[in-house]
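Student: sequence below, structure please.
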Amino acid sequence: MRSLSSARLALAAVFAIGVFAAPAHGETLTLDQALKRALAFAPAISSAAAQGDLGAATAREARAPLYPSLSAGSEYMQAPGYSLAITNGGLSDALITLNYTAYDFGHRVAQARAALYQSEADRYGIEVARQQIVFDTTIAYYDLARARGLEREFRADSLRLKRYIEVIKALRSSGRAIANDVLRVETASNNVELSLSSAHHNTQRAAAVLGAEMGEFGGSDITIDDSNGIPEWPGNDVSHNPVLASAERGVASAEAAVRAAETERYPTFKLALSAGWEGINPPHTFRRNGGASYDGLVTMPLFDGGAISAHIDEARARLNAAKAQVRQIRFELRKQLADAEPRYRDARDQLALLDRAEPVARDNFALDWTRFLGGGSATLLEVLDAFQQYEQLRLARPDQIFAARQAAAQASLALGGHR
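Tutor: Residues are numbered from 1 along each chain as shown. Below is the predicted model of the structure:
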C-alpha cells in the first residue's frame, strides 16, 4: 500500500508541473501596438510619401500650360559696331507679356490627365508600403508567439523529465528499476534540454526581428500578448489591393499619354499680348513709345523625320506594358490566395485534429506511466514512447497556429489589408 501511495504521489507531482512562461520585461505588447510602432518608424513610408509628393507636383506642373502665362522683362541694347540698318541704333524696352495656347486639340489636357493618373498611382505607393509593413510586422509578431509557445512546451517537458529522473532513481534504489532505465530517462531529458536551448535562441531571434520592425534594435526580451486567436479567412476579392489599383491608374495614365502623343500631329493656335514700352534710346522710348501688341500664331507640323510617330509608338508600347502589368499583378494576387487558402484550411483542420488527439495521447501516457509505477506490464520504453507521442502533438499546436495566422496574413496582404 505504501508503494502504491508513493507512486500516486509521484504521478501527482509530475502532472502538477505548471506551464512556465518567459519572464516579462516592461509592458506586454499587443499586435496593434506593434503595428503602430512599426508604421511610425518605417522609412519606407517616408519614401513612398515623398514619391507621392513628387507625383502631385508633377501633376500640377502638367496642368500649368492650361492657363495663361504672364511675364515681365526689360532690355537695353546698344550695338555701335553694327549697321544701323540692322540694329536701328539700339533697343530698349520694358514689357509685360501674356502668352496663352488657345487651342491644341486636347494635347495639354491629355498630358495633364496622364500626370494626374500617375500622381494617383504614386499615392497608392504609400498604402502599398503600409500594407507590406503591416504584413512583415504581423508575421514577426506571430513568429515570436510561436517561438515562445514552443519554448514553454520544451521548458515544461524539461521539468517533467527531471522529475521523472528522480522517480526512476527512487525506484532503482528500491530495486524496481534498473540502471538502464535511469540512463534512458536521462537521455530523453538531455535531448529535451538541447531542444529547449534551441527554442530559447529562436525566441530571442524572433524578438529581435520584431524589435527591428519597430526600430528597437538589440532587444530580445519583448513580451507579447498572444490572445488574438486565429483570424478568420479575409475573403477572395483582390480589387482593393493597392498594388493592383496603382497599376490600373498606370494604365489610365498610359492611355492619356497615347492621346497626348497623337495630338502632336494637329495644329496649335497661340495668342500673345504685350503692354509697355519699346523703342531705341531709353529717354525717347519711355516718353513716347508706350503701347501694346497682340499676336496670333497657328503652327502645324508637316515633316519631323518621324519623331511624332515614334512618340506615339512609345506611348502605345508603354500602354501595352501597363496593361500586361495589371494582368500579371492580378494573376500573382490570385495565385497567392490560391496558395494561402489551402494552407489556412489545412492548419485549421490540423488544429481540430489536435484538439481530439491530445487528450487521447495524454491519457495513454498517463496510463502507461501509472502501470509502470504500479509494477504492471508496461516498460519504461513504452512510457517514453507514449511521452514522445504526446510531446509531438503538443509541439505541433504552435506550428499549426502560426501556419493559419501566416496564411490569413498573406491573404490579407493580397486583398489590400481588408482583414
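Student: what count of nearby residues applies to residue 331?
Tutor: Residue 331 has 10 neighbouring residues, counting by other Cβ atoms under 10 Å. For glycine as for every other residue, the C-beta is placed from the backbone atoms N, C-alpha and C.
Student: what about it, which helix or strand?
Tutor: For residue 331, the enclosing helix or strand under DSSP states H and E is helix 307-373.
Student: what comes into contact with stretch 177-194?
Tutor: With Cβ atoms under 8 Å, 6 or more residues apart in numbering as the test, stretch 177-194 has contacts from 154, 157-158, 161-162, 164-165, 168-169, 171-172, 380-381, 384, 387-388.
Student: let me know the closest of those residues to residue 346.
Tutor: In terms of Cβ to Cβ, no member of the contacts of stretch 177-194 lies closer to residue 346 than residue 388, at 23.8 Å.
Student: spatially, what comes nearest to the closest one if we skip its sequence neighbours?
Tutor: residue 188 (7.8 Å; Cβ to Cβ, 6 or more residues apart in numbering).
Student: equivalent analysis for residue 236, please.
Tutor: Excluding its sequence neighbours, the residue lying closest to residue 236 (Cβ to Cβ, 6+ apart) is residue 337, at 5.7 Å.
Student: what's next to stretch 225-233, contact-wise?
Tutor: 28-31, 145, 148-149, 341, 344, 348, 351, 401, 404-405, 408-409, 411-412, 419.
Student: oh, that last question was meant for stretch 258-272, not what I typed.
Tutor: Under Cβ under 8 Å, 6+ apart, the answer for stretch 258-272 is 97-107, 110-111, 113-114, 293-301, 308, 311-312, 314-316, 319.
Student: the residues you listed in helices, which ones?
Tutor: 107, 110-111, 113-114, 308, 311-312, 314-316, 319 (DSSP state H).
Student: circling back: please list all residues in contact with the residue nearest to residue 236.
Tutor: 236, 238, 411, 414-415.
Student: most surrounded residue in the residues you listed?
Tutor: Ranking the contacts of residue 337 using other Cβ under 10 Å puts residue 414 first, with 28 neighbours.
Student: surely that residue touches residue 339?
Tutor: No: applying Cβ atoms under 8 Å, one finds residue 414 not in contact with residue 339, separated by 9.6 Å.
Student: so where is the chain shaky, pLDDT-wise?
Tutor: Scanning the chain for pLDDT under 70 picks out the ranges 1-26, 219-220, 418-419.
Student: would you confirm that residue 224 contacts residue 143?
Tutor: No: contact between residue 224 and residue 143 fails when scored by Cβ under 8 Å: they sit 10.5 Å apart.
Student: give me the common contacts of the two.
Tutor: With contacts defined as Cβ under 8 Å, 6+ apart, the residues adjacent to both residue 224 and residue 143 are residue 210.
Student: related to what we said a few turns ago, buried ones among the ones in helices among the contacts of stretch 258-272?
Tutor: By neighbour count, with 16 or more other Cβ atoms under 10 Å, those hold 107, 110-111, 113-114, 308, 311-312, 315-316, 319 as buried.
Student: one step back: and the contacts of stretch 225-233, which are buried?
Tutor: 29, 31, 145, 148-149, 341, 344, 348, 351, 401, 404-405, 408-409, 411-412, 419.
Student: run through the helices of the chain in chain order.
Tutor: According to DSSP H, the helices that the chain contains are 2-15, 31-41, 43-63, 84-87, 107-173, 179-213, 242-262, 282-288, 307-373, 380-414.
Student: mind putting those in a markdown table, distance to residue 70 included?
Tutor: Below are the helices of the chain laid out as a markdown table (distance: least, Cβ to Cβ, whole Å):
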| stretch | distance to residue 70 |
| --- | --- |
| helix 2-15 | 89 |
| helix 31-41 | 44 |
| helix 43-63 | 16 |
| helix 84-87 | 29 |
| helix 107-173 | 17 |
| helix 179-213 | 52 |
| helix 242-262 | 25 |
| helix 282-288 | 21 |
| helix 307-373 | 30 |
| helix 380-414 | 50 |
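Student: would you pull up how far stretch 266-281 lies from the middle of the chain?
Tutor: Taking Cα atoms, centre = their mean, to the nearest Å, one finds stretch 266-281 lying 54 Å from the centre of the chain it belongs to.
Student: just stretch 130-149 next, same as before
Tutor: With Cα atoms, centre = their mean, you get 11 Å for stretch 130-149.
Student: same thing with stretch 376-385?
Tutor: 51 Å.
Student: and the contacts of that stretch?
Tutor: 168, 177, 181, 184-185, 188, 365, 368-372.
Student: please repeat the previous calculation with a cut-off of 7 Å.
Tutor: Residues from elsewhere that reach stretch 376-385, judged by Cβ atoms under 7 Å, 6 or more residues apart in numbering: 181, 184, 188, 368-369, 371-372.
Student: how long is that stretch from one end to the other?
Tutor: 17 Å (Cα to Cα, to the nearest Å).
Student: next, format the buried ones among the ones in helices among the contacts of stretch 258-272 as JSON lines and append distance to residue 264.
Tutor: Formatted as JSON lines, those follow (distance: Cβ to Cβ, whole Å):
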{"residue": "107", "distance to residue 264": "7"}
{"residue": "110", "distance to residue 264": "10"}
{"residue": "111", "distance to residue 264": "10"}
{"residue": "113", "distance to residue 264": "15"}
{"residue": "114", "distance to residue 264": "13"}
{"residue": "308", "distance to residue 264": "5"}
{"residue": "311", "distance to residue 264": "6"}
{"residue": "312", "distance to residue 264": "8"}
{"residue": "315", "distance to residue 264": "10"}
{"residue": "316", "distance to residue 264": "14"}
{"residue": "319", "distance to residue 264": "16"}
